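Participant: I would like the atomic coordinates for the input below:
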Amino acid sequence: MSVNLKLLNAFLLIAEHGSFRRAAELSGRSQSALSLQVRELEGQLGASLFHRTTRSVSLTREGQALLPHARRAIAEMEAGLRQVRAAAGMQGGMISLGCPPHIAERALPALLARFHAAHPGVALRIREMPQAEVLEGIRRQELDFGIGPRPANAPSLTFLPLMEEEILALAPAGTAGRDGSITLAALGSLPVIITSGTNSMRAMVEEAAASIGVSFQLRCEVQTPETAIALAAEGLGVAIVPQLALAGRRVPGLAALRITDPPLLREVGIVQLRGHRLSPSAAAFQALLRASFPSMPMMGATTPLEPGDCAKTISSEPARSVALAGSKPAGRRHGKRVSASD
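Facilitator: Okay, the predicted model is just below:
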């Protein structure tokens, strides 16, 4: 049975005030209109809800049984409406986003602080996970959106580029060539620390190496770029890591070297379920990402970079524009690019 909440509200007003006249005053409706609504509700339920006399109104046994349930129903509806209004006005609600741990750690904190300062009532849920799990969370609608590499073969998802990121080698400064870089072939002769085979960056690096007939001396396989950096700091090998993982980070004795012949580049951006409409809060955070996501400076041409030099403070300048899916990037250096698997 479907009962109109307006009828329940009319019943509740009369029951709590014991008067059609008082209920009419509070609701801004006429007594006759309220009486009609009560009769309609009684007709739907097949029971009388009020004892009516010329001087008083009281609940029948059936009315007494209905009263607590009507109160809960109206209270639940009002709570739901308040939550929706708060979310629509960005005074409440929650944003759920997913991204690889190095992006959450190095690129998001300042942006999250800015967003919280502007919208303190909005809760933020950050899921740090491998890109494959981020994509799955988006498909299941457990996440509003994700941040990471461009997905490949993902017709159910959309991708909005935020920046172009290089894959770098974190190595002792003396490892660099004269121009402060290292060739992919030269990396083949060094002990390498790299993320596991399920990581999209690993596939990118191995594909590029295979294309020039190079194989790596794998020293350590790890799950995250942060672990690779820590192991490189202990002298276990050369860490191959994404540029964002080195933002704001300095490792004594090591330099971030651009990989050349070929350079390794990938797009990082916002991944979202196709056709999914964002809440106002999520849309506002995406706008902040588009305007202020860290735009990483390129490596120096003559000297290797200290790892911390890969960082650029977040500003109000728009992020460097990148061509959308299916279009040809304009004015870029040639290099291998990778997309995260769908």
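
Participant: hang on, isn't Leu157 packed against Arg274?
Facilitator: Yes - between Leu157 and Arg274 there is a contact under CB atoms under 8 Å: 6.1 Å. (C-beta placed from N, C-alpha, C; glycine too.)

Participant: Domain parsing of this protein, as residue ranges.
Facilitator: 5-88, 95-341 (automatic domain parsing).

Participant: Determine how far the shortest one lies from the middle of the whole chain.
Facilitator: If you compare the mean C-alpha spot of domain 5-88 with that of the full chain, they lie 43 Å apart, counting by CA atoms, centre = their mean, to the nearest Å.

Participant: Leu157 and Arg274 - which one has more neighbours?
Facilitator: Higher neighbour count among Leu157 and Arg274: Leu157, with 21 against 10, using other CB atoms under 10 Å.

Participant: so who does the more buried one touch?
Facilitator: Residues in contact with Leu157 (CB atoms under 8 Å, 6 or more residues apart in numbering) are Leu135, Ile138, Arg139, Pro151, Val271, Gln272, Leu273, Arg274, Asp342.

Participant: so what's it scoring on pLDDT?
Facilitator: In this model, Leu157 is scored at 96, pLDDT.

Participant: From Met163, how far out is it?
Facilitator: 18 Å (CB to CB, to the nearest Å).

Participant: what about the strands in this structure?
Facilitator: With DSSP state E, the ranges of strands along the chain come out as 50-52, 57-59, 94-99, 123-128, 145-149, 151-152, 157-172, 181-183, 191-195, 217-222, 238-242, 254-260, 265-273, 340-341.

Participant: residues in contact with the fifth one?
Facilitator: Under the contact criterion CB under 8 Å, 6+ apart, strand 145-149 has outside partners 97-100, 103, 107-108, 131, 134-135, 137-138, 162, 200-201, 266-273, 278, 282, 286, 289, 338-340.

Participant: on that earlier part again, least reliable of the domains of the chain going by mean pLDDT?
Facilitator: What stands lowest among those, in mean pLDDT terms, is domain 95-341, with a mean of 81.

Participant: Excluding chain neighbours, what is closest to Ser58?
Facilitator: Counting by CB to CB, 6 or more residues apart in numbering, Ser58 lies nearest to His51, which is 4.7 Å off, once chain neighbours are set aside.

Participant: ok, now Ile229?
Facilitator: Ala239 (5.5 Å).

Participant: what about that neighbour, how many neighbours?
Facilitator: By the criterion of other CB under 10 Å, Ala239 has 31 neighbours.

Participant: Tell me the spacing between the residue of the chain positioned farthest from its centre and His17.
Facilitator: Computed with CA atoms, centre = their mean, the residue of the chain farthest from its C-alpha average is Thr54, at 61.8 Å. To His17, Thr54 is 17 Å away according to CB to CB.

Participant: Pretty sure the residue nearest to Ser58 sits against Glu62.
Facilitator: No - counting by CB under 8 Å, Glu62 is not a contact partner of His51; they are 10.9 Å apart.

Participant: Show me which of the two is the more surrounded one.
Facilitator: Neighbour totals were compared for His51 and Glu62, and Glu62 leads with 15 against 11 (other CB under 10 Å).

Participant: which ones are touching the more buried one?
Facilitator: Contacts of Glu62 by CB under 8 Å, 6+ apart are Leu45, Ala47, Ser48, Leu49.

Participant: and which of those is nearest to Gly174?
Facilitator: Nearest to Gly174 out of the contacts of Glu62 is Leu45 (CB to CB; 86.0 Å).

Participant: For the closest one, the count of nearby residues, please.
Facilitator: The number of residues packed near Leu45 is 16, by other CB under 10 Å.
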